[in-house]
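S.K.: Got a predicted model here, sequence first, then my questions.
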Amino acid sequence: MNPFSFTQPKDIDGVLAAMAAGARPVAGGTNLLDLMKEGTMQPASVVDINAIATQGLDRIEEHEGGLRLGALARNADTAYHPLVRERYPLLSSAILAGASPQLRNMATNGGNLLQRTRCVYFYDVGTPCNKREPGTGCPAKAGINRQLGILGTSEQCIATHPSDMCVALRALDATVHVRSANGGERAIPFAEFHRLPGDRPDIDSNLQPGELITHIALPDAARFTGHSAYIKVRDRLSYAFALVSVAAALELDGDTVRDVRIALGGVAHKPWRVEEAERGLVGQPASEAAFAQAAERILQGARGYGQNDFKLVLAKNAIVQALTTAKRGTEAAKGVQQ
Amino acid sequence: MDAYQQHPIRLRINGQDREFAVESWVTLLDLLRERAGMTGTKKGCDHGQCGACTVLLDGRRVNSCLTLAVMQDGHEVTTIEGLAQGTEADGALHPLQQAFIDHDAFQCGYCTPGQICSAAGLIAEGQARTFDDVRELMSGNICRCGAYPQISRAVGEVLGIAPAEPGNASGQQGFTTGSVLTS
């Protein structure tokens, strides 16, 4: 790790002041410290934000018919929280599909959103990477890209966002609440939180410098509670990043789709969701044929880069599998893993 | 502020209050091994991918390679050296340590301190109901010797959870679950 100055303010204003001065916040540390050991990230100054957790930032509480998830609540505490388990089983499943129990005990909700890609070229400082060093090139397009993107990629970057939690948050229409020095506050719809790489792959999200995530708000999702499923396809049974993952939630009227949510992980620079495909499913029978049609629409425009060509078929099949599993019911979905 | 500054910190390690002065970049793992003399905790990958460095931090299992010592000022750490409640004279082991011996749950032993600390954290979390849950919730600890069946049985025994018979797995189609939400 590079030498860096370290502070641990006792209140949020101290944290925001340090961030305004350019300090990089650390909470769980599970991604940032790893990247600092690799030299991929070399912040001159780090601010530990854990001391402000008890000022309301680690709470999970009811709010306006939904829930507020504190940015400093740990992933494990969020996934196992009775209100999350009961009302947002999709979110619980997605979080528990990610990382390991140790890492989930450390990682925070805010940090989960701000994870960086696990593209091997981003990590390896001996290689070019437009995300790490803009303008140096992207060896991944014709290189090791089994894990990488097939949707929304650019000439500059084909990285994927590695989070499982974020895929569920996108499906559930969460909102990210942020604060900055001098009292600035804003709410960012989840769809607009992460961005596509375009010609600035070095920027992962629309969070501005100096902005701190305070909490994530979930709207009521009671209509989906009985029929949701998170399917994660990976190279080993557990403790691996997704090749493709799907968060699916259905509201059924008998055998007819009344409402549906489908979000994909492991395929793009952000959780991928095509709302037009969801609208196309509404009013249709909840059948494999209708699910396959939605999958076709969601994958429109997708392209492979060699090693990840298989994802084009895998993603479609995973969507059908996730919706079929959700249709059977959330209880049946628990324990299903492909 | 000076990047090379020494930060005074105090940690309670295996029941003893210890004081150190550390640079910002010293991980909890390196502090335990290099400065606290607790070499039972192992450095495997140093990137949070293997679990060999697992310790209990305020009673919860974490990867000690991915947190800074300075971030844990005022906190309590339990390593493999501090797990057994017995004295050196009576030699009493922690039930997990005894179960690992009884089930021959290691070969080279390098991952074992992390495995046992992780299992202690798993038991404290109280989420495992089935043998498949045990396997899934031990997935953060890699064993290159491949002692997984024995490790799972050792942890299962302490929890009172027996392995499922082949063809009668508690999970569906023999997969581990990823979602331990059975209660």
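M.R.: Received, thanks.
S.K.: Which positions in the stretch 51-200 of chain A make contact with chain B?
M.R.: Residues of the stretch 51-200 of chain A lying close to chain B by Cβ under 8 Å from any Cβ of the partner chain are A:76, A:80, A:85, A:89, A:92-93, A:96-97, A:99-103, A:105-106. The way it works is simple: take the backbone N, C-alpha and C, and place the C-beta from them, glycine included.
S.K.: so what's B:D90 scoring on pLDDT?
M.R.: B:D90 is assigned 83 on the pLDDT scale.
S.K.: Doesn't it lie inside a strand?
M.R.: No. B:D90 is assigned coil when assessed by DSSP: H, G, I helix; E, B strand; the rest coil, not a strand.
S.K.: hang on, isn't A:R68 packed against A:H215?
M.R.: Yes. Look at A:R68 against A:H215 with Cβ atoms under 8 Å: they come within range, at 4.9 Å.
S.K.: neighbour-wise, which of those two wins?
M.R.: Higher neighbour count among A:R68 and A:H215: A:H215, with 26 against 20, using other Cβ atoms under 10 Å in any protein chain shown.
S.K.: any low-confidence regions in chain B?
M.R.: B:1, B:165-183 (pLDDT under 70).
S.K.: Break it down into its domains, please.
M.R.: B:7-82, B:95-174 (automatic domain parsing).
S.K.: Adding mean neighbour count, write those out as CSV.
M.R.: CSV is the format used below for the domains of chain B (neighbours: other Cβ atoms under 10 Å in any protein chain shown):
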stretch, mean neighbour count
domain B:7-82, 20
domain B:95-174, 19
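S.K.: Distance to chain A added to those domains, as CSV?
M.R.: Below are those laid out as CSV (distance: least, Cβ to the nearest Cβ, whole Å):
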stretch, distance to chain A
domain B:7-82, 4
domain B:95-174, 3
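S.K.: would you list those domains in a markdown table and tack on distance to A:G29?
M.R.: Output for those, formatted as a markdown table (distance: least, Cβ to Cβ, whole Å):
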| stretch | distance to A:G29 |
| --- | --- |
| domain B:7-82 | 5 |
| domain B:95-174 | 16 |
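S.K.: And the strands in chain A?
M.R.: A:5-7, A:24-26, A:45-48, A:60-63, A:66-70, A:175-180, A:184-189, A:212-218, A:228-233, A:244-253, A:256-265 (DSSP state E).
S.K.: Go through the residues of the stretch 51-200 of chain A next to chain B and say which is closest to chain B.
M.R.: Within those, the smallest distance to chain B is 2.6 Å, found for A:S100 (Cβ to the nearest Cβ).
S.K.: count of neighbours near the closest one?
M.R.: When neighbours are counted by other Cβ under 10 Å, A:S100 registers 26.
S.K.: B:M138 is in contact with that one, correct?
M.R.: No. Counting by Cβ under 8 Å, A:S100 stays clear of B:M138, with 9.1 Å between them.
S.K.: Helices along chain B, start to end?
M.R.: B:28-30, B:95-102, B:112-125, B:131-137, B:148-159 (DSSP state H).
S.K.: before we move on, what about the stretch 51-200 of chain A?
M.R.: Assigned by DSSP state H, counting those that start in this stretch, the stretch 51-200 of chain A shows helices spanning A:75-79, A:82-87, A:89-96, A:101-106, A:109-113, A:120-123, A:165-171.
S.K.: List just the one of those helices that sits closest to A:L32.
M.R.: The minimum distance between A:L32 and the helices of the stretch 51-200 of chain A falls on helix A:109-113, with 7.7 Å, by Cβ to Cβ.
S.K.: Tell me the one of the residues of the stretch 51-200 of chain A next to chain B nearest A:T175?
M.R.: A:S92 (19.1 Å).
S.K.: what about the closest one, distance to A:L172?
M.R.: Distance, A:S92 to A:L172, by Cβ to Cβ, to the nearest Å: 11 Å.
S.K.: Could you tell me the per-residue confidence at A:K334?
M.R.: 68.
S.K.: Sorry, slip of the keys, the one I care about is A:L243.
M.R.: 98.
S.K.: show me what contacts it?
M.R.: Neighbouring residues of A:L243 by Cβ atoms under 8 Å, 6 or more residues apart in numbering or on different chains: A:146-147, A:233-235, A:266, A:311, A:314.
S.K.: Excluding chain neighbours, give the residue nearest to the residue nearest in space to the middle of chain A in space.
M.R.: Per Cα atoms, centre = their mean, the C-alpha nearest to the average position across chain A is that of A:C166, at 2.4 Å. Closest residue to A:C166 apart from its sequence neighbours, by Cβ to Cβ, 6 or more residues apart in numbering or on different chains: A:P271 at 5.1 Å.
S.K.: Was I right to think that neighbour contacts A:H161?
M.R.: Yes. Between A:P271 and A:H161 there is a contact at 6.8 Å, judged by Cβ under 8 Å.
S.K.: Need the residues touching each of these two.
M.R.: A:194, A:265.
S.K.: Run through chain A and note the low-pLDDT ranges.
M.R.: Flagging of chain A using pLDDT under 70 yields the residue ranges A:334-338.
S.K.: how about 50 then?
M.R.: Low-confidence segments of chain A (pLDDT under 50): A:337-338.
S.K.: Where is the longest helix in it?
M.R.: Max-length helix for chain A by DSSP H is helix A:311-328.
S.K.: Can you point out the buried residues in it?
M.R.: Neighbour counts using 16 or more other Cβ atoms under 10 Å in any protein chain shown place A:311-312, A:314-327 of helix A:311-328 among the buried residues.
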